[in-house]
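Novice: Structure for this input, please:
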Amino acid sequence: MKNTLIKMFFLFYGMLFTACVNDSTTALHAETDRPVPVSTETNSGRDLLYALQDQYRLVAKEVLPSVVEINIVEVIKQQIPPNRFSPFDLFNNNWPFPFNQDRDNNGDNDKPQEREFRKEGLGSGVIIQSDRNTYYVITNNHVVGNADEISIKLYDGREYKAEVVGTDARTDLALISFESKETIGAIKLGDSDLLQSGDIVFAAGNPLGFESTITQGIISALGRKAESGSQIGDFTDYIQTDAAINPGNSGGALVNLEGELIGINTWIASRTGGSDGIGFAIPVNKVKNAISSFIEKGRIEYGWLGVSISDLVNDQFSQMREDLKIEGKTGSFVLNLFRDSPAAKSGLLPGDFIINVNTFDVKDSDHLRNLIGNKAPGETVTMKLIRNGREMELSIKLEERQDEESVQGNHDLWPGLAVNRLNDEAREQLNIADSINGVLVTGVVQGSVSQSAGLKAGDIISKVNNKKVETINGFYEQLNSSSSDEITFRVYREGREFLLGLVK
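Specialist: Next up is the predicted model:
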């Protein structure tokens with residue numbers, strides 16, 4: 001973070017907005033049909049303001065009935081140490097506890113006791129569709145993900161018990177449902193791909209518990225990403241808006257001038273915990289893809305390629321990009337592959353630079369991850385890449401991405417390391433003589449075969465399978481060319497050279 005600490009706050013909120021531009025700011029002469037400029041002495045300017053107000057009212061009237069208040073209860077169990085007196089026990093028929101505990105309980109008081117605490121929370125949601133008497137409400141995973149009890153309150157005060165249909169932490173989306181024989185309107189869905197910075201938007205929800213609140217602003221930016229390492233869902237990009245969003249708005253609606261849902265409000269950047277005019281919403285097109293998955297399977301299924309990837313954009317990678325012949329190209333560099341993954345089965349290799357997926361040019365590693373993750377398991381993608389300076393194409397059938405713990409089983413990662421050019425700066429820092437040539441090991445994945453073999457960051461690999469390597473392209477060419485499953489590295493470390501062997 002910079003000099004100013006910025007805290008990311010999840011919100012329980014909703015957003016609703018409309019605006020209208022009335023084209024009747026000019027009149028026409030009946031005789032000539034020529035526009036007549038509006039006079040400042042007329043009521044036209046005032047009429048335009050009232051027309052805009054009427055449109056705002058129309059949006060609020062149409063959207064607010066589809067935005068709900070979500071109340072949750074999370075039951076937290078806490079262990080109480082044995083033989084510990086609590087004044088609350090005086091009111092629980094335990095007196096004269098603890099004095100007679102051993103006589104009355106046959107030693108049971110030596111065992112830990114468990115107490116339950118009820119933690120309440122509040123958020124927002126949007127009625128997205130219905131199926132007969134079942135109504136589906138989209139919200140944030142961080143609103144209902146750990147809830148033991150869920151109830152929703154409608155705009156008119158009606159309340160219903162609700163249950164979770166599906167949740168997804170990667171996108172921070174969740175779907176809940178409730179039953180009602182009465183007719184309740186669902187919100188209209190917009191198209192978030194059509195949005196532009198400057199568009200008028202509204203946020204609707206229940207900020208700080210103030211029900212059915214609507215605020216207005218514009219789209220400040222598109223394609224925002226959560227900070228790496230934060231608890232905010234990172235498997236999507238976000239719409240940024242200056243419409244006021246506060247705790248309680250999470251899961252609420254961000255809508256356009258037509259009253260169409262264009263996003264689900266999710267988090268804010270704030271110094272105080274309140275609205276600083278920097279709020280973020282999940283684009284509705286991402287929501288559309290999630291709804292059917294939640295209803296059919298209770299979860300979102302992600303396509304899985306089976307690689308660890310990196311961006312080569314900093315100055316420290318300039319020589320590496322030159323070696324790989326990818327100067328001026330955007331894409332994502334393949335560092336490692338998971339054994340038996342779709343990537344490994346289809347012929348993708350460490351050192352490949354992926355530049356295109358299904359005709360979409362890859363901007364960076366986050367973009368590649370989203371392009372793949374948004375595909376269904378079993379779908380085949382066409383991938384263009386650069387290998388050894390030449391473009392080539394692969395078809396890869398994706399599999400389903402498992403939970404993070406399974407995906408990160410590093411013992412299945414090949415080769416489990418990252419390398420860079422041995423340049424003059426590295427030679428000076430590591431005190432490497434000019435007579436030593438090779439590639440510099442810049443990182444070794446914990447738990448990988450490379451770590452088990454004894455490789456360390458700072459090692460110099462001068463030969464692969466007894467073939468000299470002095471460039472990054474040369475290293476990967478030798479690493480990938482062997483038909484054997486045994487790979488040997490000649491390694492220089494602290495003035496000594498030795499051999500290390502790896503098994504694929």
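
Novice: ends of stretch 195-204, how far apart?
Specialist: End-to-end span of stretch 195-204 (Cα to Cα, to the nearest Å): 18 Å.

Novice: all strands for the stretch 251-400 of the chain, in order.
Specialist: In the stretch 251-400 of the chain, the strands defined using DSSP state E, counting those that start in this stretch lie at 253-255, 260-270, 279-283, 303-304, 307-310, 332-338, 353-357, 360-361, 380-387, 390-397, 399-400.

Novice: Rebuild these as TSV, extending it with mean neighbour count, distance to residue 236 and mean pLDDT.
Specialist: All C-beta spots, glycine's among them, are computed from the backbone N, C-alpha and C. Output for those, formatted as TSV (neighbours: other Cβ atoms under 10 Å; distance: least, Cβ to Cβ, whole Å; pLDDT from 0 to 100):
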stretch	mean neighbour count	distance to residue 236	mean pLDDT
strand 253-255	36	14	96
strand 260-270	27	9	92
strand 279-283	28	6	94
strand 303-304	20	15	91
strand 307-310	20	18	93
strand 332-338	23	18	95
strand 353-357	21	17	96
strand 360-361	12	16	94
strand 380-387	18	19	96
strand 390-397	13	23	95
strand 399-400	15	19	91
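
Novice: what about those strands, which gets the closest to residue 237?
Specialist: Minimum separation from residue 237 across the strands of the stretch 251-400 of the chain (Cβ to Cβ) falls at strand 279-283, 7.2 Å.

Novice: The closest one - which strands sit beside it in the sheet, and in what orientation?
Specialist: In the sheet containing strand 279-283, its partner strands are strand 238-241 (antiparallel), strand 260-270 (antiparallel), by DSSP bridges.

Novice: What lies in contact with it?
Specialist: The contact list for strand 279-283 (Cβ atoms under 8 Å, 6 or more residues apart in numbering) reads 11, 13, 15, 171-173, 192-193, 195, 203, 224, 233, 236-245, 249, 254, 262-269.

Novice: ChimeraX command to pick out the buried ones of those?
Specialist: Buried members of the contacts of strand 279-283, defined by 16 or more other Cβ atoms under 10 Å, are picked up in ChimeraX with:
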select :11,13,15,171,172,173,192,195,203,233,236,237,238,239,240,241,242,243,244,245,249,254,262,263,264,265,266,267,268,269
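
Novice: For this structure, which helix or strand comes out least confident on mean pLDDT?
Specialist: strand 27-28 (a mean of 35; mean pLDDT, DSSP states H and E).

Novice: max-length strand in the chain?
Specialist: Identified as the longest strand of the chain according to DSSP state E is strand 113-131.

Novice: Tell me the first helix or strand C-terminal of that strand.
Specialist: Proceeding N to C from strand 113-131, the next assigned helix or strand is strand 134-139, under DSSP states H and E.

Novice: any idea what residue 49 is structurally, helix, strand or coil?
Specialist: Three-state call for residue 49 (DSSP: H, G, I helix; E, B strand; the rest coil): helix.

Novice: Tell me how many other residues crowd it.
Specialist: 11 (other Cβ atoms under 10 Å).

Novice: got it, and residue 58?
Specialist: Here the number of neighbours of residue 58 (other Cβ under 10 Å) works out to 15.

Novice: Confirm that it lies within a strand, as I assumed.
Specialist: No: counting by three-state DSSP, residue 58 falls outside a strand, being helix.

Novice: wait, isn't residue 64 in contact with residue 212?
Specialist: Yes: using Cβ atoms under 8 Å, residue 64 is in contact with residue 212, at 5.1 Å.

Novice: Give me the common contacts of the two.
Specialist: With Cβ under 8 Å, 6+ apart as the test, residue 64 and residue 212 both reach 155, 204.

Novice: Neighbour count for those two, which is higher?
Specialist: Comparing residue 64 with residue 212 by neighbour count (other Cβ under 10 Å), the higher total belongs to residue 64, at 24 against 21.

Novice: what residues are up against that one?
Specialist: Going by Cβ under 8 Å, 6+ apart, residue 64 touches 16, 155, 204, 212, 214.

Novice: Dump those into a markdown table; add secondary structure and distance to residue 313 as well.
Specialist: Shown next, in a markdown table, are the contacts of residue 64 (DSSP: H, G, I helix; E, B strand; the rest coil; distance: Cβ to Cβ, whole Å):
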| residue | secondary structure | distance to residue 313 |
| --- | --- | --- |
| 16 | coil | 39 |
| 155 | coil | 48 |
| 204 | strand | 39 |
| 212 | coil | 46 |
| 214 | strand | 41 |
